[in-house]
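Trainee: I'd like to go over a predicted model; first the sequence, then the structure.
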Protein chains: 2
Amino acid sequence: MSYSEIRKLFRSPQAYVGKTITVPGWVKTVRDSKTFGFIELNDGTFFRNLQVVFEEGRLENFKEVAKLTVGSAIEVEGELLETPNAKQPFELKASRIAIENTCPADYQLQKKRHSFEFLRTISHLRPRTNTFSAVFRVRSLAAFAIHKFFQERGFVYVHTPLITGSDAEGAGQMFKVTTFDINNPPRHENGKIDYTQDFFQKETSLTVSGQLTGEAYALAFKNIYTFGPTFRAENSNTARHAAEFWMIEPEIAFSDLKDDMMLAEDMLKYIINYVMENAPEEMEFFNSFVDKTLLERLNNVVNSDFAHITYTQAIELLGKNRENFEYPVEWGSDLQTEHERYLTEQVFKKPVFVTDYPKEIKAFYMRINDDNKTVAAMDLLVPGVGEIIGGSQREERLEVLESKMEAMGLKKDDYWWYLELRKYGGTKHAGFGLGFERAIMYLTGMSNIRDVIPFPRTTGSCEF
Amino acid sequence: MSYSEIRKLFRSPQAYVGKTITVPGWVKTVRDSKTFGFIELNDGTFFRNLQVVFEEGRLENFKEVAKLTVGSAIEVEGELLETPNAKQPFELKASRIAIENTCPADYQLQKKRHSFEFLRTISHLRPRTNTFSAVFRVRSLAAFAIHKFFQERGFVYVHTPLITGSDAEGAGQMFKVTTFDINNPPRHENGKIDYTQDFFQKETSLTVSGQLTGEAYALAFKNIYTFGPTFRAENSNTARHAAEFWMIEPEIAFSDLKDDMMLAEDMLKYIINYVMENAPEEMEFFNSFVDKTLLERLNNVVNSDFAHITYTQAIELLGKNRENFEYPVEWGSDLQTEHERYLTEQVFKKPVFVTDYPKEIKAFYMRINDDNKTVAAMDLLVPGVGEIIGGSQREERLEVLESKMEAMGLKKDDYWWYLELRKYGGTKHAGFGLGFERAIMYLTGMSNIRDVIPFPRTTGSCEF
């Protein structure tokens, strides 16, 4: 059977108008009077529905069709007619409607509003609603935009490992991975667990970042990016934390912090442009029903040259507004979301890179500046969110890196291969991380991370 | 600093010839005589090296440059000159060479052959070799080709979950995920482990497939695909098994097994064409040094209409050659690799879909055919490998699925939401799985899965 897709009807109507086509899909609504009726049909390929008109004289099964329930799966054959005076551009005049599945009346997605909280309990059905079809189509388009952006620039996509034998990645608490019967793991004679009998013959966990292995590949391919899942076992039951989320981590060799910021700015603008061009209906929907400032905000990002200030300058600026913050403002403390949002929303009114943070509050691999007090780090702050990207130039000087690791109590043996990247052909390089879900929240205006992940995993919740 | 990339020099030489440019990169070889010398420079952006020529009179640091070691990182400024009579199309005549990192003599990647086994022990450095730079560039391009193929067709990319609370996915042994101290997990009074105190308040594992959740999204978006990591805790210490690998799992609604096979054939051809067009140097390299039949084989796939036979026909064909097989040939047994390769290599000499397998040897979710003995399954067999894709039409009839699950001893409660996909708007749908690493082995001729994964995780091995 050769089916037509509703997306194609809307994108290229002239190829279909006047022709007889067959469209399968799900019933969104049915309105009928005695001798004719209308079905709003959606096939999942497009945000908008196709209007189907059906008449008693033309359909053998008119009575069954008139009684169709919301959610039923049908197949409609008919002629596509222009409707110049109606709100929809065309309608499908049915000559045949085959009913594949009659949806029972206890189907939960009847035509009424549901809370996002309720819809999370039916994560297998929620992508059929307007809001979530829009969210997850945008998520798909944004993911592709990211691949397209990097591939067009010759970056190599690297699948960094998920299961890791090192706990050397620094940030965050990790999930353990094992094949042991946890009730009764094999033990040494002294009672300690004998990990040599586990699947990998050692303790393993789920990764929190692909950066370190990504660096190895940047020092081979110059420009690489990762795009894969990462995990945090933190008991943060907030609207912004998930235990399993996707990260994009580009890494560029022969490049410094300036190159890194240029890349981040170009990438963010590219994603926004791609999604606005390829999902205009969805973005209008978010702007109307989720966040009325969304399009204005995104257009502002696309059309701005991002601002740049150092952390030290940021502290000065924040100090002038000290009394309006909950958290203290002082050189040496990390910026809080209220500080970040003040900078980007009130002071600059556009995205701003904050650079050169105190070395004490940043990771060991960040390159120490000549002042010996700050590191070549950058955070990108955007209106409405605060930090959306964090990156740095990496410490490429072997002896500087080693002494920093020693000062921080890190074992050189755990990082033997990471250190070798400096010893053998080491060169300046930089990179950043973008949390994909945060980016989707930013693009859609959705405020809970559970509503931008198909089947979210959060503290105490691992359903489906 | 505005750098030029070697990829761009080779792809658009006319834009650079005669101009002064700056190229950073790593030294592959140095040859020098008293007053001049040559450096083969690679910056990671292209398979081939840039030849740099340097002369005593033109360089301040001629002596240091002449002593450069393999692997050193440098930056070369000079004029790009055409060399019509040489084997390389142009060379860079250096006016300045800045040395960023002098690589020590114990660097393992000197100009000599290394075994793949040895190179696995330095997975952080091996992408710098010809073979592995080719493998991992092809891997990146193939990944992008897959996204491009599906996105051009309007498929929605779905990130299905990695951590799962169900052991309902069927295939394969699973890794457990926990935040417990395995040495001393919390227990109920009766001594049983109290999983309500674990991170997700239940037992969780790493997924073996995104298919079931993918189906939920196909029944919302019609056409979807997944592309993400999957895990198997099987003690299979072979050249074809990894504990962590990536899968592509498209799922298409309002579609049957024929549609599924057409999609698989189109996809495979698309990936091969894309890689051959975008990595011709790498593919030539594989054809010369890894597998001399590679390009012939891939061209044959691209230019063939794939064959189709039923499992029952396959058994008949194999029966005629029974005496040459190690494993028995009989209706009801699964095909072995020797059988598969015989069919695709000897009988058809091109890719072949085998369909309609006995229901007893296939998964519970596959649609039962009208004969009530076989299911609407398909395996795609390709020369040189055997099975590369497996798929099926899914059982969409609720009562048939339920009785099949009951017969197989599966609990309906574990699959409540999967069954609801049939109850509410269920329709015919189909899908398949492509193991990404198997595809890369097929595309490159590499014979060990450990050599197509950046940092492989296999039985007893989780390094880096």
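Mentor: Structure's in. What do you need?
Trainee: where exactly do the helices run in the stretch 301-450 of chain A?
Mentor: Under the criterion DSSP state H, counting those that start in this stretch, helices of the stretch 301-450 of chain A are mapped to A:311-319, A:337-341, A:398-407, A:416-423, A:436-444.
Trainee: Ranking those helices by mean neighbour count, which comes first?
Mentor: Burial of these is given as mean neighbour count (mean count of other C-beta atoms under 10 Å in any protein chain shown); helix A:436-444 ranks first at a mean of 24. Where C-beta positions appear, they are placed from N, C-alpha and C, glycine not excepted.
Trainee: In terms of secondary structure, what does that one contact?
Mentor: When contacts are defined as 3 or more C-beta pairs under 8 Å, 6 or more residues apart in numbering or on different chains; DSSP states H and E, helix A:436-444 sits against helix A:130-152, strand A:244-253, helix A:257-278, strand A:386-393.
Trainee: Apply 6 Å and report the result again.
Mentor: When contacts are defined as 3 or more C-beta pairs under 6 Å, 6 or more residues apart in numbering or on different chains; DSSP states H and E, helix A:436-444 sits against helix A:130-152.
Trainee: chain center to the helix it packs on: distance?
Mentor: Taking C-alpha atoms, centre = their mean, to the nearest Å, the mean C-alpha location of helix A:130-152 is offset from the chain mean by 8 Å.
Trainee: Just confirm A:Phe286 is within a helix.
Mentor: Yes - under DSSP: H, G, I helix; E, B strand; the rest coil, A:Phe286 falls within a helix.
Trainee: Show the contacting residues for it.
Mentor: A:Phe286 is in contact with A:294, A:444-445, counting by C-beta atoms under 6 Å, 6 or more residues apart in numbering or on different chains.
Trainee: Distance check, A:Ile272 against chain B.
Mentor: Here A:Ile272 is placed at a distance of 17 Å from chain B (C-beta to the nearest C-beta, to the nearest Å).
Trainee: A:Leu206 too?
Mentor: Distance, A:Leu206 to chain B, using C-beta to the nearest C-beta: 7 Å.
Trainee: ok, and the closest non-adjacent residue to that residue?
Mentor: Nearest residue to A:Leu206 in three dimensions, chain neighbours excluded: A:Phe231, at 3.9 Å (C-beta to C-beta, 6 or more residues apart in numbering or on different chains).
Trainee: Wait, a helix at A:Phe200?
Mentor: No - read with three-state DSSP, A:Phe200 is coil and lies in no helix.
Trainee: Give me the spatial nearest neighbour of it, chain neighbours excluded.
Mentor: Nearest one to A:Phe200, counting by C-beta to C-beta, 6+ apart, is B:Cys462 at 3.9 Å.
Trainee: next one: A:Ala218
Mentor: Leaving aside its chain neighbours, A:Ala218 sits nearest to A:Glu251 (3.8 Å; criterion: C-beta to C-beta, 6+ apart).
Trainee: quick one on the thing from earlier: if you tally nearby residues, what's the number for the residue nearest to A:Leu206?
Mentor: 24 (other C-beta atoms under 10 Å in any protein chain shown).
Trainee: Is it in contact with A:Phe175, as I believe?
Mentor: Yes - the pair A:Phe231 / A:Phe175 is scored as a contact, 5.4 Å apart, by C-beta atoms under 6 Å.
Trainee: for the record, mean pLDDT for stretch A:194-210?
Mentor: When pLDDT is averaged along stretch A:194-210, the result is 95.
Trainee: next one: stretch A:443-451
Mentor: Mean per-residue pLDDT for stretch A:443-451: 97.
Trainee: Off-centre distance for it?
Mentor: On the basis of C-alpha atoms, centre = their mean, stretch A:443-451 sits 9 Å off its chain's mean C-alpha point.
Trainee: could you dump it to PDB, C-alpha only?
Mentor: What follows is stretch A:443-451, C-alpha atoms only, in PDB (Å, rounded to 0.1, in the frame of the first residue of the first chain):
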ATOM      1  CA  LEU A 443      14.400  25.700  23.000                       C
ATOM      2  CA  THR A 444      10.900  24.700  24.100                       C
ATOM      3  CA  GLY A 445      10.300  26.700  27.300                       C
ATOM      4  CA  MET A 446       9.500  23.400  29.000                       C
ATOM      5  CA  SER A 447      10.400  23.800  32.700                       C
ATOM      6  CA  ASN A 448      10.800  20.200  33.900                       C
ATOM      7  CA  ILE A 449      13.500  18.000  32.600                       C
ATOM      8  CA  ARG A 450      11.100  15.000  33.000                       C
ATOM      9  CA  ASP A 451       9.100  16.500  30.200                       C
END
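Trainee: No further questions, thank you.
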